[in-house]
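Colleague: got a sequence here, can you build the structure:
(chains A and B)
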Amino acid sequence: MTTSVTTPAPAKSAPKLRTPRKAYVPGKPRRSKLLTGLMALMVLYTVVPLIWLIISATKTQDGLADSNGLWFAKHFALWSNISDTFTYHDGIFGRWLLNTLLYVVLGAGGATLLAVLGGYALAKFDFPGKKGIFAVVIGAVAVPGTALAVPTFLMFSKMGLTDTPWAVIIPSLVSPFGLYLMWVFAAEAIPTELLEAARMDGAGEVRTFFQVALPLLAPGIVTVLLFTTVATWNNYFLPLIMLKDPDWYPLTLGLSSWSAQAQTIGGDVIFNLVITGSLLTILPLIAVFLLLQKYWQSGLSAGSVKE
Amino acid sequence: MRRTTSRVLRGVALVSVLAVGATACGSSDGDSEQKAVSAGDLQAALDKGGDITVWAWEPTLKTVAADFQKKYPKVKVNLVGERSGDKHYTALSNAISAGKGVPDVAQVEYFAVGQYSLTKGLTDLSKFGADKLASKYTPGPWNAVSDDSKVWGLPMDSGPMALFYNKQVFDKYKIAVPTTWDEYLDAARKLHKADPKAYIANDTGDAGFTTSMLWQAGSRPYKVDGTKVGINFDDAGAKKFETVWQTLINEKLLAPVTGWTDDWYKGLGDGTIATLATGAWMPANFVTGVPGAKGQWRAAAMPAWTKGDKASAENGGSSLTVPSLAKNKELAYAFVEYANSGAGVATRVSEGAFPATKAELESPAFQAKKFDYFGGQEANKIFAESAANVASDWKYLPFQPYANSIFNDTVGKAYVSSTTLAQGLKAWQDASVKYGNEQGFTIEK
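Modeller: Residues are numbered from 1 along each chain as shown, chains lettered A, B, ... in the order given. The predicted structure follows:
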């Protein structure tokens, strides 16, 4: 990209029709005070709750009640909160963390795998019924998972799978949006000529997929993996109706059950642990985003510029 | 026409639930339903051992279960306790109607016992000899778990009501601790005038609180005789409550804070909510939920409706029951008896639970216990006296959990609009009657 835009200089002799607008100069974007202000508000809106969460995690149950939400209490209790979170109730928080990881690895990982295989096949192979599949996938994207939770529960109940980890993992394997994304991405990122060349050289379909297509799909895979990971990590409603045994709870359900203790006669009120637990719950997601951001950023813009 | 159909359908639904319960009872119990189970049989079951699943959130049960397993090493108690309130009952009802995954022991609050016993969801424990334990318990809780000769559970704890008040706030504004509800009203005015941010109490409409207040005021809105039910909020007791509480609402003397939220705990801590009329189990929640206000609060007897009257009521409290579909009933009952009548009671009381058993309530050690949180006050004396003054003729509806769930749509309006409490209670009554009729109950006027 060596495009350079030069401002067309108005001819001196010609009469000025109107003041030319400031032209777009790459690297020196125009500023709008209104937009900057709006963006600042948005940043505040999204960041303040996070700051509140971080600050509140340093407070004791008592400190939470009698100090300002956005400033630290006298007693800095972050470390004791973290260790209490992991030791409370025989360390069940650790178990919930492992459960969540299990659901993410098998659920989100499996969903990504299926999306990659399906998306590649739909983008690069022609077969009857493809239009029908397209309609189904697009339709499925529009149906929120929450709406399907109860029918799914009834189905799993008949199969005797409720109250087992499978009841959370199997529904997570289906990600219509991920499939659609991989489909579009594969269509753009893998030149059909390349596949034909590979076939001409005598590579089988499996080898072509793994050695030629897969490396090209990497940015898309990371993007889909991120989406499905976040969706599985945050999933609340599905495990809520599927699981009874707290030993299989993911973090979301576990934290809500801790929070509910404050509404129980004789129950331990542990808002400080709920808050610390919430902070600990979002840390892995933040880490995943930071580690994978360069992949998915390049993935998002793939195919946007024709070169 | 459509309405009739849906009513018929719902009627059918109830009948089928009843039938499921009945057949489930019959199939799992067989002939043993009537047969008494002797202490020897229980001991034999305990020696043989096995697994039982207990659905209960009461925190002190953890130690009790551990002790029980130590005493009977062949028995494994699987305590599932991360769920409470609505979620607990939804799960329990679902399991019972599905006939699968029903626990051997379930914690059921007093207000919900009727619902489960009526649909034959619970085992009548009298065949295990539970009916002989009646004299061990205070009348309020025992009345809640039994009817006629049938016993649906053993009382685990109780909640005789007391008035908790923030002494620091009362002293600061030189307000006397109210002994009648009229004095309470004056205290509310005085306090709010002295500090516009402070309120005598919080209330945004709470079914459990309202029914307990009606109970104390002598109102008996619910009459229950099997499937024959009477609902009527139009009596002298209800009038007394309506008058005082309507005044508090009209003069905006109640903090618009919903109970059990973080706001509520905050208000209890910073002096903006100055009193709390609730069950004697509250100290445990004070200690963990409002640690910062240690030393500020005290307990007192409930204000009376007429000077010198000692009537009290229960608020909250729960029992341990054995569902009809429990797999291991002998072990289940043995555990319930151990926890709520045997050695478990002392363990639970020492961990802060409030007992329902007379022996513990009357024991000198219990009554002399000094509460550090209440500045060394011997609060149990107040609670025990309240427990003894609870009238035993109160009844909850056999569908009280449903009724409570619509409380805020009916009576709740009185707190946020020009609807009066009396109108709200009437609306609650009508909605409850309608539901009762739809469910196949005979509603008597």
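
Colleague: show me what residue of the stretch 201-350 of chain B gets nearest to chain A.
Modeller: B:G289 (3.5 Å; CB to the nearest CB). Every residue, glycine included, has its C-beta placed from N, CA and C.

Colleague: how about the nearest residue to that residue, chain neighbours excluded?
Modeller: A:V269 (3.5 Å; CB to CB, 6 or more residues apart in numbering or on different chains).

Colleague: quick one: name the residues of the stretch 51-200 of chain B near chain A.
Modeller: By CB under 8 Å from any CB of the partner chain, the residues of the stretch 51-200 of chain B that approach chain A are B:57-60, B:80-85, B:87, B:91, B:95, B:98, B:101, B:157, B:159.

Colleague: are any of the residues you listed buried, and which?
Modeller: Listed as buried from those are B:57-60, B:80-84, B:87, B:91, B:95, B:101, B:157, B:159; burial here means 16 or more other CB atoms under 10 Å in any protein chain shown.

Colleague: SS state for the residue nearest to B:G289?
Modeller: coil (DSSP: H, G, I helix; E, B strand; the rest coil).

Colleague: do A:V105 as well
Modeller: Per three-state DSSP, A:V105 ends up helix.

Colleague: count the residues that sit near it.
Modeller: For A:V105, the neighbour count with other CB atoms under 10 Å in any protein chain shown is 13.

Colleague: ok, now which ones touch it?
Modeller: For A:V105, the contact set (CB atoms under 8 Å, 6 or more residues apart in numbering or on different chains) is empty.

Colleague: pLDDT score for it?
Modeller: At A:V105, the pLDDT value in this model is 95.

Colleague: try the one 3 residues further on
Modeller: Reading off the per-residue confidence, A:A108 sits at a pLDDT of 95.

Colleague: which residue, other than its chain neighbours, is closest to it?
Modeller: Per CB to CB, 6+ apart, closest to A:A108 is A:T228, 3.9 Å.

Colleague: quick one: buried residues of the helix or strand encompassing the one you found?
Modeller: Using DSSP states H and E, A:T228 maps to helix A:214-234. Within helix A:214-234, the residues that qualify as buried are A:216-217, A:219-229, A:231-233, counting by 16+ other CB under 10 Å.

Colleague: now swap in stretch B:290-306 and tell me
Modeller: So stretch B:290-306, judged by 16+ other CB under 10 Å, has buried residues B:290-294, B:296-305.

Colleague: could you give the mean pLDDT of that stretch?
Modeller: 95.

Colleague: likewise stretch A:153-166?
Modeller: 89.

Colleague: could I get it in CSV with only the CA atoms?
Modeller: In CSV, the C-alpha atoms belonging to stretch A:153-166 read as follows (Å, rounded to 0.1, in the frame of the first residue of the first chain):
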residue,chain,number,x,y,z
PHE,A,153,-33.3,-29.6,29.1
LEU,A,154,-36.4,-31.7,28.3
MET,A,155,-34.5,-33.6,25.6
PHE,A,156,-31.5,-34.3,27.9
SER,A,157,-33.8,-35.2,30.7
LYS,A,158,-35.3,-37.9,28.5
MET,A,159,-31.8,-39.2,27.7
GLY,A,160,-30.9,-39.2,31.4
LEU,A,161,-28.0,-36.8,30.8
THR,A,162,-29.1,-34.0,33.1
ASP,A,163,-27.0,-33.3,36.2
THR,A,164,-23.9,-34.6,34.3
PRO,A,165,-21.2,-32.5,32.7
TRP,A,166,-22.3,-33.7,29.3
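
Colleague: how about the helix or strand hosting B:E330: buried residues?
Modeller: For B:E330, the host element (DSSP H and E) is helix B:329-340. Neighbour-count burial for helix B:329-340 flags B:329-340 (criterion: 16+ other CB under 10 Å).

Colleague: do the same with stretch A:99-108
Modeller: A:99-100, A:103-104, A:106-108.

Colleague: picking that back up, heading C-terminal from the helix holding A:T228, find the next helix or strand.
Modeller: That would be, after helix A:214-234 and using DSSP H and E, helix A:237-242.

Colleague: give me the contact list for the following helix or strand past that next one.
Modeller: Moving toward the C-terminus from helix A:237-242, the next helix or strand (DSSP H and E) is helix A:251-260. Contact with helix A:251-260 is made by A:92-93, A:96-97, A:99-100, A:233-236, A:239-240, A:243, A:246, A:249, A:267, A:270-271, A:273-274, A:277-278, A:281, B:82-85, B:87, as judged by CB under 8 Å, 6+ apart.

Colleague: re the thing from before, thought B:T288 was touching the residue nearest to B:G289, still the case?
Modeller: Yes. With contacts counted by CB atoms under 8 Å, A:V269 reaches B:T288, the gap being 4.6 Å.

Colleague: any common contacting residues for those two?
Modeller: A:Q61.
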